[in-house]
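> I need the structure of the sequence given here:
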Amino acid sequence: MKTVKNMNIDEARQSFAKFEAKHLRNEDFDMSGLILAQCGEIARGIDREATATMLYDLFNYGFMAGYKQSEADLKTRINKRVKDDMHRRLLELVYYLPFGYRAEYFYCMMSYLLPEDCFYLMPNRITKPILAIRAEREDKKTREAAEQEPEQTAGEKKAGGISL
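Predicted coordinates:
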């Protein structure tokens, strides 16, 4: 797909028509009539710089409106899933924890700390990675135990041959 800056006006219109079919616009973020009237006055003028600036400002307004609408849509989707205020606080706590590049350590630690009987309450997209991490840990433990067993038996044989 072409980037917006490389499109001509017909390609931009076609692209927007496809985009608009999938993403509805809320009236709150549409441009008001006053702004459109001011743009009309500028467009009737002869000053090309003012017209170019107006088009640039309209483009920026569209991006700002799109950002605000996506934030509002995200907020409504989150509000649908959040059960109560404590749930919201827990989500915000987890979101703002300062783990940075050590987030995988925290994720693994939490997957080990969760009790086995809570997995049936969660969706598969959450439980499958956690169960994979737990299975990997169990495999590692059994390998380490199997490696230590021959060492212990060899050590017992050496100690068994010496009498005190």
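> helix or strand right after the worst-scoring helix or strand of the chain on mean pLDDT?
Lowest by mean pLDDT, DSSP states H and E among the helices and strands of the chain is helix 33-44, with a mean of 75. Using DSSP states H and E, the helix or strand that directly follows helix 33-44 along the chain is helix 48-81.
> run through this structure and note the low-pLDDT ranges.
Applying pLDDT under 70 to the chain picks out residues 1-2, 4, 25-33, 36, 151-164.
> which of the residues in stretch 58-75 are buried?
65, 69 (16 or more other CB atoms under 10 Å). The way it works is simple: take the backbone N, C-alpha and C, and place the C-beta from them, glycine included.
> neighbouring contacts of stretch 110-124?
Applying CB atoms under 8 Å, 6 or more residues apart in numbering, the contact partners of stretch 110-124 are 127, 129, 130, 131, 133, 134, 137.
> from one end of it to the other, what's the distance?
With CA to CA, to the nearest Å as the measure, stretch 110-124 spans 17 Å from end to end.
> would you mind listing the buried residues in it?
In stretch 110-124, counting by 16+ other CB under 10 Å, buried: residue 111.
> from residue 8, how far off is the residue sitting nearest the centre point of the chain?
Nearest to the geometric centre of the chain sits residue 95, at 10.8 Å (CA atoms, centre = their mean). Here residue 95 is placed at a distance of 42 Å from residue 8 (CB to CB, to the nearest Å).
> just residue 138 next, same as before
59 Å.
> likewise residue 34?
Per CB to CB, residue 34 is found 30 Å from residue 8.
> re earlier: and the contacts of stretch 110-124, which is closest to residue 149?
For those, the closest approach to residue 149 (CB to CB) belongs to residue 137, at 18.9 Å.
> OK, contacts around the closest one?
Contacts of residue 137 (CB under 8 Å, 6+ apart): residue 112.
> give me the number of residues near residue 54?
Using other CB atoms under 10 Å, residue 54 is surrounded by 19 other residues.
> for residue 106, grab the count of nearby residues.
Residue 106: 12 neighbours (other CB under 10 Å).
> oh sorry, the question was meant for residue 7
Residue 7 has 15 nearby residues by other CB under 10 Å.
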